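Asks: need the 3D shape of this:
(one chain, ligands or ions: 1)
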Amino acid sequence: SAAGSTGPRVVLVGPMGAGKTTVAGLLGERWGLPVRDTDADVAASAGQSISDLFVDHGEAHFRALERDAVALALAEHDGVLALGGGAVLDPATRELLAGHPVVFLRVGLSDAVKRVGLGTSRPLLVGGVRARVKALLDERAPVYEAVATLVVDTDDRTPDDVADEVARRV
Ligand code: S3P
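Replies: Numbers count the residues shown, from 1 in each chain. Below you'll find the predicted structure:
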């Protein structure tokens, strides 16, 4: 726009195992746009892996860093933006998303578990992947739906197929 930066072309939300990172990469290639991921931004700015951040400082601290990363990315990134799966749990982060094209990549339990793998290092899943994934999917589905301007199903689909639908409909 004449005012300058317009924000991301699309913001991908959804649980771990929805394919946010993979689909973001495909959309970036397709559109010739840069891809940014708030997990990577948080890890880079903290100088620690996400797992280490959870262990050393706790989830609340991580969410605060994540909120800052989302705000910065929305302000300065014009490409494809993938958020961490829990970013939208934070009310202030949800408010930041208003007015942006937000796509919820929806996934069911069995595909989510297949994609994150049983040997996951994701801190929220250690010690019982299937049960934890189920709880997270159940409690978060309404939040993703509330922030999304578009919902795309990912079960039994390739990332390419999902990226096609996002590109067509967003
Ligand atoms: C989280 C998802 C992760 C990462 C952190 C917490 C969550 O991102 O931000 O482990 O609360 O769902 P991905 O969705 O990219 O795995």
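
Asks: so residue 166 versus residue 30, what's the distance?
Replies: Distance from residue 166 to residue 30, counting by CB to CB, to the nearest Å: 9 Å. In this view, the C-beta of every residue, glycine as well, is placed from N, C-alpha and C.

Asks: those two: which has the busier surroundings?
Replies: The residue with more neighbours, out of residue 166 and residue 30, is residue 166; 21 against 14, by other CB atoms under 10 Å.

Asks: what residues does the chain put near the ligand?
Replies: 16, 20, 39, 50, 84, 85, 86, 122, 123, 124 (CB under 6 Å from any ligand atom).

Asks: how many neighbours does the second one have?
Replies: Right, the one you point to is residue 20. Neighbour tally, residue 20, other CB under 10 Å: 27.

Asks: what packs against the one helix or strand in the chain whose mean pLDDT sits lowest?
Replies: Ranked by mean pLDDT, DSSP states H and E, the weakest helix or strand in the chain is helix 109-116, scoring a mean of 90. Contact here means 3 or more CB pairs under 8 Å, 6 or more residues apart in numbering; DSSP states H and E; on that basis helix 109-116 packs against helix 129-147.

Asks: which neighbours in the sheet does the helix or strand following the helix it packs on have, and how are they oriented?
Replies: Downstream of helix 129-147, the next assigned helix or strand under DSSP states H and E is strand 150-153. Here strand 150-153 has these sheet partners by DSSP bridges: strand 102-106 (parallel).

Asks: ok and the strand it pairs with relative to helix 129-147, angle-wise?
Replies: With axes from the mean of the first three to the mean of the last three CA atoms, to 10 degrees defining the directions, strand 102-106 sits at 150 degrees from helix 129-147.

Asks: how much does strand 102-106 deviate in direction from helix 109-116?
Replies: 100 degrees.

Asks: quick check: mean pLDDT of strand 102-106?
Replies: Averaging pLDDT along strand 102-106 yields 98.

Asks: cool, and stretch 161-170?
Replies: The average of the pLDDT scores along stretch 161-170 is 98.

Asks: stretch 47-67 too?
Replies: 95.

Asks: now do the least confident helix or strand of the chain: everything it contacts.
Replies: Taking contacts as CB atoms under 8 Å, 6 or more residues apart in numbering, the residues outside helix 109-116 that touch it are 15-19, 107, 122, 125, 129-130, 133-134, 137, 154-156.

Asks: same check, this time on stretch 52-66
Replies: Here stretch 52-66 has contacts from 38, 42-43, 45-46, 48, 50, 84, 86-87, 89-90, 93, 123-124, using CB under 8 Å, 6+ apart.

Asks: from those, which land in helices?
Replies: Residues of the contacts of stretch 52-66 located in helices (DSSP state H): 38, 42, 43, 45, 46, 50, 93.
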